[in-house]
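[1] can't give you the sequence, but here's the structure:
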């Protein structure tokens, strides 16, 4: 305790006085004679806390302020305060200790810039002994307040998060908080939650007169019209009073509940657990929705079915006789929502892509959720990322135009898919394929943005390598092959008499390799194309392909024998001509006959529109057949030319198929296309 601290805690907020009036206190009763030692150990602090909370002469604001003062002295920290959640802000409703400017009562804090936003996201107390050294130096709360020491826990009222109770100091603490100290703050939070629940109930139920006689009070309009089920039980566990909500909840008539034992409403024949849970709720644990062993708290109905409930209980004395008053709430919807949220959390954490949810209602769109895959991909833990804008992933080589595009899309509340360079926590860069989608509420207002993030670094590296290799093949290799081809042809032209067959082989081989580079260029162009399928006249495409091959190979016989109307169409693109030309070219080049003979016959039947390409050669290599009919390659047996891949990929793009049939007289390759009625 600092020498200039007051002995008595402050209670000055307007909210406090209103609650004091509701609970019958005047804001000062019982506080004049209470004194605290300058320092408290854990046992003494708990004893003082229980004594304060059990003192019926104290109002709720007084109990709250004394609890904060006890905790402040036990923990030896500057300030203890209670924050109440109010939409996107936290209001300081009680503050004890420290200079008045530290965290005065009535101050409203943006939720995104408080330590408490993290506290309400976890089940246990949040403890920071040296926030600056524990990785919080970039957190908005640390930037806003600079508190190095923080210990806080959530306050739950009627099953909902009311706010937090926190103890803070501007300076770091030399030792970490012990388990006893954490547990103490959680105890303060539970007791304050119970007091708020009791105060709310008393204010609603006993507004007209809290000292009326038993029958007048229990059967008042407030009791009958209470939104939750209420049971009054005597010391023998007999139900002496029940409202209409209790009848609806249990499916018993009110008259059937009166005189019935509370044991009749206990499921699983487990009265000991039920009684223990009820005793804890009455004594000091406030609202509970699970048994002490962790099982969901349930109530047995008249038809032997069960209903999940949240229980709040308290002891009352009427005419000198002690009763227990049970407030029961059906939490079926809450449990279903909780299970649904748990399922979504499991799904989000199981997917192998990074998922983030940003709050569109907060300035700068801070992250409200990240999944496990995001942590693994970036190296940042949830505690590092939550509350920050996702720009913390950017680095020196992040494209500013991509960043500006993302910001513009967020401001316009539109969907975006882009790729940019980001940086992991250890500084290593990675390529992030980012998709951002706005999420609207029932009123059509955008409340959040969902981000899907994929690490595509390896894919980007492969694509860049492929682009480099393609440029080398198309440009460098093609140029060098043309040089070799030119020299070989020049030598052949200058040779007198019969020229060596090896020279013709060099000319033919280099010509084939140059043609392969041209096909590679077509394949790359095909990969970059985004053409829509459309009705394409098949016969004209076949005839154009045949004419092109005839011009290139005047010694070959290329015959078109069509039994299909020239205007008949199928689904394809203008690349259909390349498919047919490649098949004819392949048949002409790979025949051992002196003169190649190829017959092309478009035909239609119930299965579709077919283009048959028949030759009199020795057949198609097995590896080429596999590529044409299945689009596969083995590790060693590759297709004999890239043209085979060109045919396979284009026909697959058309939604068609390729079949190969061999006979004693030759080979027929059939391309089947989807017909379109003219």
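    Sure thing, it's come through. Given the structure is predicted, the values throughout are model-derived calculations rather than measurements.
[2] residue 328 - nearest residue in space that isn't next to it in sequence?
    residue 229 (4.2 Å; C-beta to C-beta, 6 or more residues apart in numbering). From N, CA and C alone the C-beta is placed, and that goes for glycine too.
[3] for the one you found, what are its contacts?
    In this structure, residue 229 makes contact with 242, 243, 245, 246, 248, 249, 250, 327, 328, 329, 330, judged by C-beta atoms under 8 Å, 6 or more residues apart in numbering.
[4] what sits against the third one?
    The reference is to residue 245. Residue 245 neighbours (C-beta under 8 Å, 6+ apart): 226, 227, 228, 229, 230.
[5] same check on the first one?
    Contact analysis of residue 242 by C-beta under 8 Å, 6+ apart lists 229, 230, 231, 232, 254, 257, 258.
[6] give me the element the nearest residue to the third one once chain neighbours are set aside is part of.
    Spatial nearest neighbour of residue 231, chain neighbours left out: residue 326 (4.4 Å); criterion: C-beta to C-beta, 6+ apart. In this structure, residue 326 sits in strand 321-330 according to DSSP states H and E.
[7] then residue 186?
    Assigned by DSSP H and E, residue 186 falls in helix 179-205.
[8] where does the stretch 401-550 of the chain dip in pLDDT?
    When residues are selected by pLDDT under 70, those of the stretch 401-550 of the chain lie in 464-483, 485, 487, 492, 494-497, 499, 503-504, 507-508, 510-531.
[9] strands along that one, start to end?
    Using DSSP state E, counting those that start in this stretch, the strands of the stretch 401-550 of the chain run over 416-423, 429-440, 446-455, 534-537.
[10] can you tell which of those strands is closest to residue 237?
    strand 446-455 (47.4 Å; C-beta to C-beta).
[11] pairing partners for that closest one, with directions?
    strand 354-359 (antiparallel), strand 429-440 (antiparallel) (DSSP bridges).
[12] quick check, distance from it to the centre of its chain.
    Centre-to-centre, strand 446-455 and its host chain are 8 Å apart (C-alpha atoms, centre = their mean, to the nearest Å).
[13] what comes up buried for that strand?
    Going by neighbour count (16 or more other C-beta atoms under 10 Å), the buried part of strand 446-455 is 448, 449, 451, 453, 454, 455.
[14] neighbours around the closest residue in space to residue 242 that isn't next to it in sequence, how many?
    Excluding the flanking residues, the one nearest residue 242 by C-beta to C-beta, 6+ apart is residue 257, at 4.1 Å. If you count neighbours by other C-beta atoms under 10 Å, residue 257 ends up with 22.
[15] I'd say residue 257 and residue 249 touch.
    No. Judged on C-beta atoms under 8 Å, residue 257 makes no contact with residue 249 at a distance of 10.1 Å.
[16] mind listing the shared neighbours of the two?
    With C-beta under 8 Å, 6+ apart, residue 257 and residue 249 have no common neighbours.
[17] I'd like the next helix or strand past the worst-scoring helix or strand of the chain on mean pLDDT.
    Ranked by mean pLDDT, DSSP states H and E, the weakest helix or strand in the chain is helix 14-23, scoring a mean of 37. Next in sequence after helix 14-23, counting helices and strands by DSSP H and E, comes helix 42-53.
[18] what packs against the following helix or strand past that following helix?
    Note on helix 42-53: by DSSP H and E, the next helix or strand toward the C-terminus is helix 60-75. Where contact means 3 or more C-beta pairs under 8 Å, 6 or more residues apart in numbering; DSSP states H and E, helix 60-75 is packed against helix 14-23, helix 42-53, strand 79-86, strand 89-96, strand 160-169, helix 179-205.
[19] circling back: what residues of the helix holding residue 186 count as buried?
    For helix 179-205, the neighbour count (16+ other C-beta under 10 Å) marks 181-182, 184-203, 205 as buried.
[20] same question for stretch 277-295.
    For stretch 277-295, burial by neighbour count (16+ other C-beta under 10 Å) applies to 277, 278, 280, 281, 282, 285, 286, 287, 288, 289, 291.
[21] wait, the fourth one sits on residue 290?
    Think residue 281. No. With contact defined as C-beta under 8 Å, residue 281 does not reach residue 290; the gap is 11.1 Å.
[22] quick one on the thing from earlier: winner for burial among the strands paired with strand 446-455?
    strand 354-359 (a mean of 20; mean count of other C-beta atoms under 10 Å).
[23] figure out how far it is from the centre of its chain.
    For strand 354-359, the distance to the chain centre is 6 Å (C-alpha atoms, centre = their mean).
[24] over to stretch 245-260?
    For stretch 245-260, the distance to the chain centre is 44 Å (C-alpha atoms, centre = their mean).
[25] likewise stretch 298-313?
    34 Å.
[26] helices of the stretch 101-250 of the chain, start to end?
    For the stretch 101-250 of the chain, the helices defined by DSSP state H, counting those that start in this stretch cover 116-119, 140-145, 179-205, 214-218, 221-224, 244-250.
[27] possible to save the ones you listed as CSV with distance to residue 532?
    Output for the helices of the stretch 101-250 of the chain, formatted as CSV (distance: least, C-beta to C-beta, whole Å):
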stretch, distance to residue 532
helix 116-119, 49
helix 140-145, 49
helix 179-205, 62
helix 214-218, 76
helix 221-224, 70
helix 244-250, 61
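[28] I'd say residue 104 and residue 91 touch.
    No. Using C-beta under 8 Å, residue 104 is not in contact with residue 91, being 11.2 Å away.
[29] between those two, tell me which one has more neighbours.
    Neighbour comparison, residue 104 and residue 91: the larger count goes to residue 91, with 18 against 15 (by other C-beta under 10 Å).
[30] hmm, residue 106 and the more buried one touching each other?
    Yes. Applying C-beta under 8 Å, one finds residue 91 in contact with residue 106, separated by 7.2 Å.
[31] hang on, the earlier thing: check contacts around the residue nearest to residue 231.
    230, 231, 232, 233, 278, 311, 312, 313.
[32] the helix or strand encompassing residue 375: how far from the chain's middle?
    Assigned by DSSP H and E, residue 375 belongs to helix 372-378. Its chain's C-alpha centre and that of helix 372-378 lie 11 Å apart, by C-alpha atoms, centre = their mean.
[33] buried residues, the helix or strand following it. List them.
    Remark: after helix 372-378, the chain's next helix or strand is helix 382-385, criterion DSSP H and E. Within helix 382-385, the residues scored as buried using 16+ other C-beta under 10 Å are 382, 384, 385.
[34] between those residues, which is closest to residue 128?
    residue 384 (13.9 Å).
[35] need the contact list for that closest one.
    Going by C-beta under 8 Å, 6+ apart, residue 384 touches 135, 425.
[36] looking at the helix holding residue 375 now, give me its mean pLDDT.
    The average pLDDT within helix 372-378 is 90.
[37] likewise for stretch 38-52?
    For stretch 38-52, the per-residue pLDDT averages 89.
[38] again, but for stretch 180-198
    Taken as a whole, stretch 180-198 has an average pLDDT of 92.
[39] go on, stretch 73-92?
    92.
[40] re earlier: buried subset of the contacts of residue 326?
    230, 231, 232, 233, 278, 311, 312, 313.
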